[in-house]
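Asks: next input, structure requested:
(chains A and B)
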Protein chains: 2
Amino acid sequence: MSKKNLIVGQSGGPTAVINSSLYGVVSEGMRHPDQIGHIYGMINGIEGFLKGNILDFNEALPGEKLSRLIHTPGAYLGSCRHMLPESLSDPVYPELFKRFEELNIGWVFYIGGNDSMDTVSKLSRYASQIGSDIRIIGEPKTIDNDLMHTDHTPGFGSAARYVAFTVREISLDACVYEKKSVTIVEIMGRHAGWLTASSVLARKYKGDNPLLIYLPETVFDQEAFLVSVQKAFEKNCNVVVCVSEGIRDKDGTFICEYSSSADTDNFGHKMLSGCGKYLENLVRTRLGVKARSIELNVSQRCSSALISSTDQQEAILAGCFGVQAALNGETGKMVSFVRQDTGDGSYKIACELKDVNEICNKEKTVPKEWICENGSDVTDDFISYARPLIQGSVDVSMGEDGLPAFVYRK
Amino acid sequence: MSKKNLIVGQSGGPTAVINSSLYGVVSEGMRHPDQIGHIYGMINGIEGFLKGNILDFNEALPGEKLSRLIHTPGAYLGSCRHMLPESLSDPVYPELFKRFEELNIGWVFYIGGNDSMDTVSKLSRYASQIGSDIRIIGEPKTIDNDLMHTDHTPGFGSAARYVAFTVREISLDACVYEKKSVTIVEIMGRHAGWLTASSVLARKYKGDNPLLIYLPETVFDQEAFLVSVQKAFEKNCNVVVCVSEGIRDKDGTFICEYSSSADTDNFGHKMLSGCGKYLENLVRTRLGVKARSIELNVSQRCSSALISSTDQQEAILAGCFGVQAALNGETGKMVSFVRQDTGDGSYKIACELKDVNEICNKEKTVPKEWICENGSDVTDDFISYARPLIQGSVDVSMGEDGLPAFVYRK
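Replies: Numbering: from 1, shown residues only, chains lettered A, B, ... in the order given. Model prediction:
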């Protein structure tokens, strides 16, 4: 059998371990020199690939350098947000496969979320249609944890660790004064509340901060929220509230829209503030107490120091497993995690393959049974689910300047 | 000589190492059992002390627990923002010293910034006035690094490490797409730009992000800023800009006020947004490019994972040195760091004592000579000054839940 080459791309928003998945794919690829020749990377995903932008990993990250991918946030290869056309008759498909043939590609890996799995779906369906034997595999990636048919996604554990770790620190910072105060922490996740729910892991005991947690899965009522804050003061004069950026009221209006509808700068341009800033203002003016808001922002997806080693190792594992599957002839599948029943309550996962068509363009939200207290808290079942995913610290390799020695594309 | 007791308080905003200073004071105090009896803590600073709120460290943090202070952000003892009256004839002074006498206090330590040194000044002046031999020593603390007569302050190094580390990560996150973008990072420091200047340490080479850095020490011109951003696109299509929260224009108007003057919520209440949000909007509307803003917020002062071990060790050292000085009869002084001339360019500091009256209520800003490029960058001299202060990672002790095992007041 003649050798074929492998190509891998990254797509969508970055995570702290998207480069660990990449490391898994590339390092496993290198372990099969009998079958795999060059290992290429698409620069800026399928969009950059269409412009001919690729690199060869042997040149870009020779030797030891490759392993530094696992500490490097961002997307090493660059990313894109590019949806391929719905119609497989579109001329972009023969164009893409012509390029694949020119590079003698046998295996394509695409690391991403819902939208990226749509690309895997279309490429594999087109391959089948034209009788191409190029194998196309999806590698899951998203901090939002909203992919179907997998226990969780690489990227979520590290983001959840960041949220839990940081909310625990913020809760300490919030409690230094004796005066009543409310701290609103705004957490990523527009439609799915997995990450916001993870703030519960910051609690050291029942009744500890964060005292209130609001996910986008339930209707947010501003008046009920104010009543809950007042009630929370009975437990602690410094109340920490975690909210998803995507909370909405019964009419489906995003809470952040209540501020943005009114905010304009001196030029009359709309200012888009988050729901945290809006709720901070609501609390201050309606309850007359000190209030502040903190948007955790992109550090949720790019903090290297707070990577969960469990997440990092699983991302590598998923990358390796995908390559092995492709070598076994699998295509049109996504690598999925299945939690094992170990009998003793310990945590273990196994990798499986799922039909990518069952995953793309769908969203998995937090089950209603895991949301309680009228939508202002999550249950112990959620805690049992999420706790194992945030375990373990990683050592980030440091450079001479005393800061992380990340790897970069030249 | 009969034994006296020691009391220590924390005041003003917390830092990541304010509890390391506390550890230094308490642990050094415990090393002198021949002279020092009980070691007390003021709960919520001088304000709480006036209400009789104190703790005994032997009961609160026995044995090993004490050392966990050095990983714990926030202010273990709680804090206050309470200025003592200007007039030493105010009845609060005899009240305070009556309490000191009742507790058989011989030594008072107060950990804080400018305002807290004002408390040290007043207490020591009153002690002198009434002929009390109680020794009162100030322990420096502020992320703002704005205290006079010290090379730098405990708390600054860790906050600067957080800023440099995080801006390096944000710069990676900002560069994943090929599309032109501007990322505005808003950094703490209303009057002094030390912390914002530290973002320069994130740069891996000249011309790397952050491409623009604006401190409150120079006048901020919105039009010149837009021109500089346009020019920065020649270096990188993804431009990261670091700004101090306190930047002002030639009329002395805070840039953040340009947004807050216009922002109101649905109830007509003013919404206070930061200058980052305002500049994000300015860039988007005037330059027509993708823009976002990130407020680093309180993690700058409470991130345990990114504590600078240099800063942590120096905070402990300052605490120990202050106790030794007080035992030697010093009073009305603040512990200060003096950088040593080592001849080989290596970094070394020594502790000295400075008259607290020369420090309180003053602010040290970044020297004009260290600001360049028309106020949009800082010089190599600043880099040489700041780089040693952010060196060294710390191991945060982890609990069974996989998150930091901080210590808390019961």
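Asks: and the helices in the stretch 301-410 of chain A?
Replies: Remark: helices assigned in the stretch 301-410 of chain A by DSSP state H, counting those that start in this stretch are A:309-327, A:380-386.
Asks: distance to chain B, mean pLDDT and mean neighbour count added to the ones you listed, as CSV?
Replies: All C-beta spots, glycine's among them, are computed from the backbone N, C-alpha and C. Shown next, in CSV, are those (distance: least, C-beta to the nearest C-beta, whole Å; pLDDT from 0 to 100; neighbours: other C-beta atoms under 10 Å in any protein chain shown):
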stretch, distance to chain B, mean pLDDT, mean neighbour count
helix A:309-327, 9, 98, 23
helix A:380-386, 10, 98, 17
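Asks: want to try JSON lines for these, with distance to A:Asp151 as columns?
Replies: Formatted as JSON lines, the helices of the stretch 301-410 of chain A follow (distance: least, C-beta to C-beta, whole Å):
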{"stretch": "helix A:309-327", "distance to A:Asp151": "10"}
{"stretch": "helix A:380-386", "distance to A:Asp151": "8"}
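Asks: is it true that A:Ile187 touches A:Thr166?
Replies: No: using C-beta atoms under 8 Å, A:Ile187 makes no contact with A:Thr166, being 9.6 Å away.
Asks: pretty sure A:Glu352 sits against A:Val338.
Replies: Yes: if you go by C-beta under 8 Å, A:Glu352 and A:Val338 touch, sitting 5.2 Å apart.
Asks: which of these two has more neighbours?
Replies: Between A:Glu352 and A:Val338, counted using other C-beta atoms under 10 Å in any protein chain shown, A:Glu352 has the larger neighbour count: 16 against 13.
Asks: so what sits opposite the more buried one in the bridge?
Replies: Per DSSP bridges, the residues bridged to A:Glu352 are A:Ser336.
Asks: any stretches of chain A with poor pLDDT?
Replies: By pLDDT under 70, the weakly predicted segments of chain A are A:1, A:260-272.
Asks: center of it - which residue?
Replies: For chain A, A:Ile143 is the residue whose C-alpha lies nearest the centre (C-alpha atoms, centre = their mean; 1.6 Å).
Asks: which single residue in the stretch 151-300 of chain A comes nearest to chain B?
Replies: Proximity of the stretch 151-300 of chain A to chain B (C-beta to the nearest C-beta) peaks at A:Leu172, 3.2 Å away.
Asks: hmm, back to that, any shared contact partners between A:Ile187 and A:Thr166?
Replies: Taking C-beta atoms under 8 Å, 6 or more residues apart in numbering or on different chains as the contact rule, A:Ile187 and A:Thr166 both touch A:Leu296.
Asks: okay, those two: which has more neighbours?
Replies: More crowded of A:Ile187 and A:Thr166, by other C-beta under 10 Å: A:Ile187, with 31 against 27.
Asks: what helix or strand does the residue nearest to the more buried one when sequence neighbours are not counted sit in?
Replies: Once flanking residues are discounted, A:Ile187 sits nearest to A:Thr196: 4.3 Å by C-beta to C-beta, 6 or more residues apart in numbering or on different chains. In this structure, A:Thr196 sits in helix A:194-197 according to DSSP states H and E.
Asks: coming back round to it: and the residue nearest to A:Ile187, how many neighbours does it have?
Replies: Number of residues near A:Thr196 (other C-beta under 10 Å) recorded here: 30.
Asks: that older thread, residues touching the helix holding A:Thr196, excluding its own?
Replies: For helix A:194-197, the external contacting residues (C-beta under 8 Å, 6+ apart) are A:143-146, A:156, A:159-160, A:163, A:187-189, A:213-216, A:242-244, A:300, A:366, A:370-371, A:378, A:382, A:386.
Asks: quick revisit: now the residue nearest to the centre of chain A: which helix or strand?
Replies: Residue-wise, A:Ile143 maps onto no helix or strand under DSSP H and E.
Asks: cool, the one 4 residues further on as well?
Replies: In the assignment (DSSP H and E), A:Leu147 maps to no helix and no strand.
Asks: just checking, it touches A:Ile359?
Replies: Yes: in terms of C-beta under 8 Å, A:Leu147 counts as a neighbour of A:Ile359; the distance is 5.8 Å.
Asks: is any part of stretch A:60-76 close to chain B?
Replies: Yes: part of stretch A:60-76 sits near chain B under the criterion C-beta under 8 Å from any C-beta of the partner chain, namely A:72-75.
Asks: any chance of those residues in a markdown table, with distance to B:Tyr205 too?
Replies: A markdown table is the format used below for these (distance: C-beta to C-beta, whole Å):
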| residue | distance to B:Tyr205 |
| --- | --- |
| A:Thr72 | 17 |
| A:Pro73 | 19 |
| A:Gly74 | 17 |
| A:Ala75 | 21 |
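Asks: dump these into JSON lines; add secondary structure, neighbour count and distance to A:Val227 as well.
Replies: JSON lines is the format used below for the residues of stretch A:60-76 next to chain B (DSSP: H, G, I helix; E, B strand; the rest coil; neighbours: other C-beta atoms under 10 Å in any protein chain shown; distance: C-beta to C-beta, whole Å):
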{"residue": "A:Thr72", "secondary structure": "coil", "neighbour count": "26", "distance to A:Val227": "46"}
{"residue": "A:Pro73", "secondary structure": "coil", "neighbour count": "29", "distance to A:Val227": "40"}
{"residue": "A:Gly74", "secondary structure": "coil", "neighbour count": "29", "distance to A:Val227": "42"}
{"residue": "A:Ala75", "secondary structure": "coil", "neighbour count": "29", "distance to A:Val227": "43"}
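Asks: CA-only coordinates of stretch A:147-167, as CSV, when you get a sec.
Replies: Extracted in CSV, the C-alpha atoms of stretch A:147-167 (Å, rounded to 0.1, in the frame of the first residue of the first chain):
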residue,chain,number,x,y,z
LEU,A,147,-22.3,18.7,21.5
MET,A,148,-24.7,15.8,21.3
HIS,A,149,-23.8,12.1,21.8
THR,A,150,-20.7,12.7,23.9
ASP,A,151,-20.5,12.7,27.7
HIS,A,152,-18.7,16.1,27.4
THR,A,153,-16.3,17.9,25.0
PRO,A,154,-12.6,18.6,25.2
GLY,A,155,-12.2,22.2,26.2
PHE,A,156,-15.1,22.2,28.7
GLY,A,157,-13.2,20.8,31.6
SER,A,158,-10.5,23.5,31.4
ALA,A,159,-13.0,26.3,31.0
ALA,A,160,-15.1,24.8,33.9
ARG,A,161,-11.9,24.6,36.0
TYR,A,162,-11.2,28.3,35.2
VAL,A,163,-14.7,29.3,36.2
ALA,A,164,-14.7,27.3,39.5
PHE,A,165,-11.2,28.4,40.5
THR,A,166,-11.8,32.0,39.6
VAL,A,167,-15.2,32.2,41.3
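Asks: is any residue of that stretch near chain B?
Replies: Yes: counting by C-beta under 8 Å from any C-beta, contacts between stretch A:147-167 and chain B involve A:161, A:164-166.
Asks: now, the most widely separated pair of those?
Replies: Greatest spatial distance among the residues of stretch A:147-167 next to chain B (C-beta to C-beta): A:Arg161 and A:Thr166, at 9.2 Å.
Asks: mind listing the shared neighbours of these two?
Replies: Residues touching both A:Arg161 and A:Thr166 (C-beta under 8 Å, 6+ apart): A:Leu306.
Asks: contacting residues for the residue lying closest to A:Ile18 once chain neighbours are set aside?
Replies: Distances taken as C-beta to C-beta, 6+ apart place A:Lys141 nearest to A:Ile18, at 5.1 Å, with adjacent residues excluded. With contact set as C-beta under 8 Å, 6+ apart, A:Lys141 has these partners: A:10, A:12, A:15, A:17-18, A:21, A:111-113, A:116, A:153-155, A:315.
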